[in-house]
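Q: dropping a prediction and its sequence here:
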Amino acid sequence: MMNHPPPPRRRSGRRFGLISVMFFAVFLCFVGGASASLYELFTHNSEAQQSWLLLCGAPVVVVIFLFFVVFNMYTRFGKPLQSMFNAIDAVAEGNLAARVPENNSDMFSELFKRFNKMVADLERSDKQRRNLTADIAHELRTPLHIIQGNLEGVLDGVYQPTSDHINNTLDETKLLARLVEDLQTLSLAETGQLPLHPTRFLLADLTADLTSSFSAQASSQGVELTTIHADPDQEITADYDRLNQVLSNLISNALRHTARGGTISIETEPISGGERSARIRVMDTGSGIPADDLPFIFDRFWRGDKSRTGRTHSGLGLAISKQLIHAHKGSIEVESETGNGTSFTIEL
């Protein structure tokens with residue numbers, strides 16, 4: 001890790017403290033010396049001695065008192081604020097590892113805690129941004145290399161331009177197109193610029209479309225796909241296509257990790273009271289998600305269980321789902337236990 005040189009402000013603060021101490025020492029010696037000299041001049045007059053002692057001794061006491069006052073003020077206010085300014089300068093220069101010691105001042109401890117938390121959030125965001133750039137480059141590079149290799153192989157006569165090679169190359173272009181589309185959707189959703197087209201519709205109609213879309217795949221995998229409605233006539237107001245996209249992501253993930261003989265169920269129920277009116281659950285009896293991975297499953301390009309990172313999906317589905325639900329002012333949560341399935345709960 002690169003060591004950063006101490007900021008110039010820290011050196012200036014040290015010089016200021018040293019000069020202040022020297023100034024007080026010289027001033028104290030000057031006043032003391034003047035008092036002693038005057039005292040000697042008036043040794044023949046006891047009344048004058050007392051007057052000069054009072055006149056010259058008082059400033060010495062005042063100077064000593066002021067010295068302790070200034071020193072105390074510097075310790076209580078100057079030094080903590082100097083640490084704060086040093087940290088601000090370091091952050092401004094790009095050192096996001098800079099922190100302010102929180103035990104230096106009881107008076108500013110809450111300010112320092114909030115400052116350190118803000119810088120820690122900035123450091124985490126910067127790290128995520130760097131990781132995102134690397135992940136995008138990796139996800140784009142892999143299909144591009146496959147396409148390039150297939151085309152060069154055909155041109156060099158290594159591969160015959162059969163329908164299999166052409167279809168494999170076409171699949172890679174589709175993967176690239178889906179990745180770019182997912183990134184655009186995620187970017188628009190995160191910045192609040194994704195247009196929504198809310199309509200009023202029956203939840204039962206939405207789940208019917210979903211089961212119709214996935215029933216063939218579920219049947220071929222030997223997985224039972226069911227729907228349960230607490231109120232078959234329940235209506236909600238939302239963007240039908242975007243909500244369909246979210247639930248399709250969840251069902252697609254569930255099918256990927258549910259073994260033959262398992263079950264995937266979609267349940268809906270109304271919510272009484274509060275701002276939200278509907279709850280939707282997508283539950284499966286699949287392999288589940290390890291507890292250590294749960295906090296990260298909504299991250300972009302999440303890489304937890306390697307079995308979940310096949311090249312048939314971009315790794316952005318859950319991140320997009322979370323942003324789409326938040327765009328609806330809703331919430332999405334997950335509960336899972338390894339070996340006992342996963343349950344996603346959406347409230348709108």
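A: Sure, I can see it.
Q: going forward, measure contacts and count neighbours with C-alpha atoms only.
A: Fine.
Q: would you map the helices across this protein?
A: In the chain, the helices defined using DSSP state H lie at 8-41, 46-73, 79-92, 109-155, 163-190, 203-221, 240-256, 317-327.
Q: worst mean pLDDT among these?
A: The minimum mean pLDDT among these belongs to helix 8-41 (a mean of 67).
Q: out of the helices of the chain, deepest packed?
A: helix 317-327 (a mean of 22; mean count of other CA atoms under 10 Å).
Q: neighbouring contacts of that helix?
A: 182, 185-186, 189-190, 192, 242-243, 245-246, 249-250, 297-300, 331-332, 346, 348 (CA atoms under 8 Å, 6 or more residues apart in numbering).
Q: touching, residue 225 and residue 267? I think so.
A: No. Assessed by CA atoms under 8 Å, residue 225 is found out of contact with residue 267, at 11.2 Å.
Q: and those two? which has more neighbours close in?
A: residue 225 (22 against 18; other CA atoms under 10 Å).
Q: distance of the more buried one from residue 330?
A: Distance of residue 225 to residue 330, given as CA to CA, to the nearest Å: 25 Å.
Q: again with residue 199
A: 16 Å.
Q: with residue 137 instead?
A: 32 Å.
Q: from residue 94, how far off is residue 80?
A: With CA to CA as the criterion, residue 80 and residue 94 are 21 Å apart.
Q: sorry, wrong one. I was asking about residue 205.
A: 53 Å.
Q: equivalent analysis for residue 130, please.
A: For residue 130, the distance to residue 94 - CA to CA - is 14 Å.
Q: just residue 67 next, same as before
A: To residue 94, residue 67 is 38 Å away according to CA to CA.
Q: same question for residue 140.
A: 29 Å.
Q: same question for residue 334.
A: For residue 334, the distance to residue 94 - CA to CA - is 36 Å.
Q: and if you look at residue 103?
A: 24 Å.
Q: who has more neighbours out of residue 199 and residue 330?
A: residue 330 (17 against 11).
Q: list the contacts for that one?
A: 276, 346, 347, 348.
Q: wait, what's in contact with the first one?
A: The contact partners of residue 276, taken as CA under 8 Å, 6+ apart, are 330, 347, 348.
Q: just the residues you listed now: which is nearest residue 118?
A: Within these, proximity to residue 118 (CA to CA) peaks at residue 330, which comes in at 26.3 Å.
Q: any idea how far the closest one is from residue 216?
A: On the measure of CA to CA, residue 330 and residue 216 end up 30 Å apart.
Q: equivalent analysis for residue 342, please.
A: Taking CA to CA as the measure, residue 342 falls 22 Å from residue 216.
Q: got the CA positions of stretch 101-109 in CSV?
A: What follows is stretch 101-109, C-alpha atoms only, in CSV (Å, rounded to 0.1, in the frame of the first residue of the first chain):
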residue,chain,number,x,y,z
PRO,A,101,-8.9,9.4,15.4
GLU,A,102,-12.2,9.4,17.2
ASN,A,103,-10.8,9.3,20.7
ASN,A,104,-8.9,12.6,20.4
SER,A,105,-11.9,14.7,21.5
ASP,A,106,-15.1,14.0,23.4
MET,A,107,-16.6,17.2,22.0
PHE,A,108,-16.0,16.3,18.3
SER,A,109,-16.3,12.6,18.6
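Q: how far does it sit from its chain's centre?
A: Relative to its chain's centre, stretch 101-109 lies at 26 Å (CA atoms, centre = their mean, to the nearest Å).
Q: ok, now stretch 90-103?
A: Using CA atoms, centre = their mean, the offset of stretch 90-103 from its chain centre is 18 Å.
Q: buried stuff in that stretch?
A: 90, 91, 95, 96, 98, 99, 100, 102 (16 or more other CA atoms under 10 Å).
Q: right, and the pair among those residues with maximum separation?
A: Among those, 95 and 102 lie farthest apart (CA to CA), at 18.2 Å.
Q: and the closest residue to residue 24 other than its chain neighbours, how close does it get to residue 20?
A: Spatial nearest neighbour of residue 24, chain neighbours left out: residue 67 (7.1 Å); criterion: CA to CA, 6 or more residues apart in numbering. Note on residue 67: its distance to residue 20, by CA to CA, is 9 Å.
Q: likewise residue 37?
A: When residue 37 is compared with residue 20 (using CA to CA), they lie 26 Å apart.
Q: residue 294 too?
A: 57 Å.
Q: same thing with residue 229?
A: 78 Å.
Q: how about residue 253?
A: 69 Å.
Q: reformat the contacts of residue 276 as CSV; add pLDDT and distance to residue 235.
A: Formatted as CSV, those follow (pLDDT from 0 to 100; distance: CA to CA, whole Å):
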residue, pLDDT, distance to residue 235
330, 94, 16
347, 95, 14
348, 93, 11
